[in-house]
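Novice: Structure here, sequence nowhere to be found:
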C-alpha cells in the first residue's frame, strides 16, 4: 500500500462527488416539495445520500486497493522468479567453482607434497654429504694429530718442536670443527676411547682444542675418570663451553675450570670474567644446551657451539646450565651423571704395585743405599742387553749363569733384594722399569731394549692377577739378563789374551 | 704408533707445557740426573707428580722421558718448571759416576774385534 498510489484519495474524491450530487439533488427535492413533508423528505434523502456516498467511497476504495494488490502480486511474482533463476544460476556456478577449486587444491597439494619431498630429500642428501665430509675431516684430523705426535717424538730440536706444537694446536682446532659438524649432522663421534679417561686428561684434551687454551686454568684434584664411550663427547662439549668462555671474555682474562664431585656425579664448572649474559640470553642459552631443539633450523651459522653442546648433552645425559659467575662473567656448569664416572684406582703406579714387588725392584719406593749408586742405571742396564744377542744367548747360557758372570749375578742379586752395589743398583732400575709393565724388554733391530709406549699407564692399571705374578717373573728376568751377559763374556773371553778360568 | 690407536692419550703435548716449546734453561741435558726434593702435592699436574715419584732416586732425563712416553724437550720443560719451584734438584752424572775399569773396556774392545 505504500509503494502503489494510495486508494484513499480517489475514494475521497468519489465520496465528495457523490455527496455534492446527492446533496444538490436532495436540496432541489426538499425545496420543490410541499412544506409539510419537507422535514421527513429532507431527513430520508439526507440519509440516503450519506449511504450512497459511503457506498461509493467503499466501492471505489476496494476497487482501487484490489488493483494495487494485484499489481504488487505480479511484481512479487516476477521478483521471486528472478531470484529463483538467480539462485539456480548461482548454485550452478558454485558447483562449477567447487569442482574447479577442488582440482586446484589437489594440484596445489600435490605440488606442495612434491616440493616438500624434494626439499626433504635435498636436505637428507646435504646432511649425508656433510656428515660424510665431516667424518673424513675427522679421520684426517685424527690421523694428522697422530702423525704430529709421532713427529714431536722424533724431533728434539726446540724450533722444530715449537712449530710442530703449533701445527698440532691448529689441527686440534680443525678437528674440533669437524667434530662439531659431525655432531650436528648426526654422524658418529670421531674417536672412541677404549678405557676410562682420567679427569685431568679430559680437561686438557678439551682445552687443547680451543684457540685460547693458554688462558684456561684447571683446578682439579679429582681422580674420577669418564667412561671411554662418553669421554670424547664430554671433551667436545667441554671444549665448546671453554671456547665460549674464552671468546666472550677479554683476551687477557683467564678462564677457570673447577671439578667437583657430588653424589649425582661430577660437576665441571667453567667460569669466565667476561660479559654477563642477560636473562634473555641465559634463557636462550639454556634452551640451546637443553637438547630439546633437535632440528637445525635454529642454527645461527656462526654460533654452533651451544647447539653442539645440546646435542652431546642429550646423547650422553649431561646436564648443562648457566649462571652468573662470581668472577663477574658467566659460569657454565656441566653435570656428568654418575653412570659416566668411574674411579680408576690410584693413578700412580706405586700404590697397587709396591706390596706385590720386592722392595728395591719397584721404581717408586727408593732404597736409600742405592740412591747414590743407582746413578749409572741407564748405562749399566743397557750393557747386558746390548751385549747378548737375545735369541742365541738364551739357551746355552741358561745353566752357567750362576757361576761365570759376576756382574750378571750381581744384577740378579740386587734384583732380588740383596745389598746394592753400584752395578746392581743400576740393574734394578732397568729391570724393574720394564717389570712394572709385566714383561721383559723387547729388543729392536739395533739390539737395544725398546721401550713400550704407555708402559707407565699400563703400570697404573692394577690388574689383579698380574700383580702377584710379578715377583717371580722379576727374578727370572734378572737371571735371564745374567745369563745373557755371561754368554757375552764367554764369547769375549774365549779368545782374549788372559782367560780367567771359565767353564772352558 | 703412527696410526691413531685406541690407547692414545687425548691430551696434546702443548697442553702439558702451556704452549711452550723451549725450557729456557740449560740445566738439563739428556743424562742429567734428577732427584726429587719434595713430595707431590695434590692438584699438581699429573706429569709433575709422576716425575716427583719417579725421581725419588736419581733418574736420568732420558729415563724420565721414556717412562712418561714424552719427548725429551717437553720433559725438560716440565723439569725446568719443577726446578724453578725447587721441587727437584739436578746433578750431572760425572760427579757420581765412576768409569768402568779400563782393563775391562780393553777386553770388551778385543772381544768385539774378534766377533
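Specialist: Happy to help now that I have it. Owing to the predicted nature of the structure, the values given are computational and were not obtained by experimental measurement. Numbers count the residues shown, from 1 in each chain, chains lettered A, B, ... in the order given.

Novice: alpha carbons only for contacts and neighbour counts from here, please
Specialist: OK.

Novice: What count of nearby residues applies to residue 15?
Specialist: This is for chain A. The number of residues packed near residue A:15 is 21, by other C-alpha atoms under 10 Å in any protein chain shown.

Novice: The intended chain is chain B.
Specialist: For residue B:15, the count of nearby residues is 22 (other C-alpha under 10 Å).

Novice: where's it relative to residue A:118, distance?
Specialist: Using C-alpha to C-alpha, to the nearest Å, we find residue B:15 at a distance of 47 Å from residue A:118.

Novice: what's the answer for residue A:275, then?
Specialist: Relative to residue A:118, and taking C-alpha to C-alpha, residue A:275 is found at 43 Å.

Novice: same question, residue A:184
Specialist: Taken as C-alpha to C-alpha, the span from residue A:184 to residue A:118 is 21 Å.

Novice: More neighbours: those two, which one.
Specialist: Counted by other C-alpha under 10 Å, residue A:184 and residue A:118 do not tie: residue A:184 has more neighbours, with 26 against 12.

Novice: which residue sits closest to that one, ignoring its sequence neighbours?
Specialist: Nearest non-adjacent residue to residue A:184, counting by C-alpha to C-alpha, 6 or more residues apart in numbering or on different chains: residue A:308, 6.2 Å away.

Novice: packing partners for the host helix or strand of that neighbour?
Specialist: Using DSSP states H and E, the element containing residue A:308 is helix A:305-316. Helix A:305-316 sits against helix A:158-184, helix A:228-247, helix A:279-290, with contacts defined as 3 or more C-alpha pairs under 8 Å, 6 or more residues apart in numbering or on different chains; DSSP states H and E.

Novice: what pairs with the very next helix or strand once past the second one, and is each one parallel or antiparallel?
Specialist: When you say that, I think you mean helix A:228-247. Sequence-wise, the next helix or strand downstream of helix A:228-247 (DSSP H and E) is strand A:255-262. According to DSSP bridges, strand A:255-262 has the following sheet partners: strand A:216-219 (parallel), strand A:265-271 (antiparallel).

Novice: among the ones you listed, which is the most enclosed?
Specialist: Burial of these is given as mean neighbour count (mean count of other C-alpha atoms under 10 Å in any protein chain shown); strand A:265-271 ranks first at a mean of 23.

Novice: Let me know the angle separating it from helix A:228-247.
Specialist: Strand A:265-271 and helix A:228-247 meet at an angle of 20 degrees, taking axes from the mean of the first three to the mean of the last three C-alpha atoms, to 10 degrees as the criterion.

Novice: which residues sit against strand A:265-271?
Specialist: With C-alpha atoms under 8 Å, 6 or more residues apart in numbering or on different chains as the contact definition, strand A:265-271 has outside contacts at A:241-242, A:245, A:255-261, A:325, A:327, A:329-339, A:341.

Novice: Apply 7 Å and report the result again.
Specialist: Residues outside strand A:265-271 that contact it (C-alpha atoms under 7 Å, 6 or more residues apart in numbering or on different chains): A:242, A:255-261, A:325, A:330-338, A:341.

Novice: Also stretch A:249-264?
Specialist: Applying C-alpha under 7 Å, 6+ apart, the contact partners of stretch A:249-264 are A:215-220, A:222, A:245-246, A:266-275, A:337-338.

Novice: Mean confidence (pLDDT) on it, please.
Specialist: Average pLDDT, stretch A:249-264: 89.

Novice: Report the buried residues of that stretch.
Specialist: By neighbour count on 16 or more other C-alpha atoms under 10 Å in any protein chain shown, the buried set for stretch A:249-264 is A:249, A:254, A:255, A:256, A:257, A:258, A:259, A:261.

Novice: before we move on, what SS does residue B:56 have?
Specialist: coil (DSSP: H, G, I helix; E, B strand; the rest coil).
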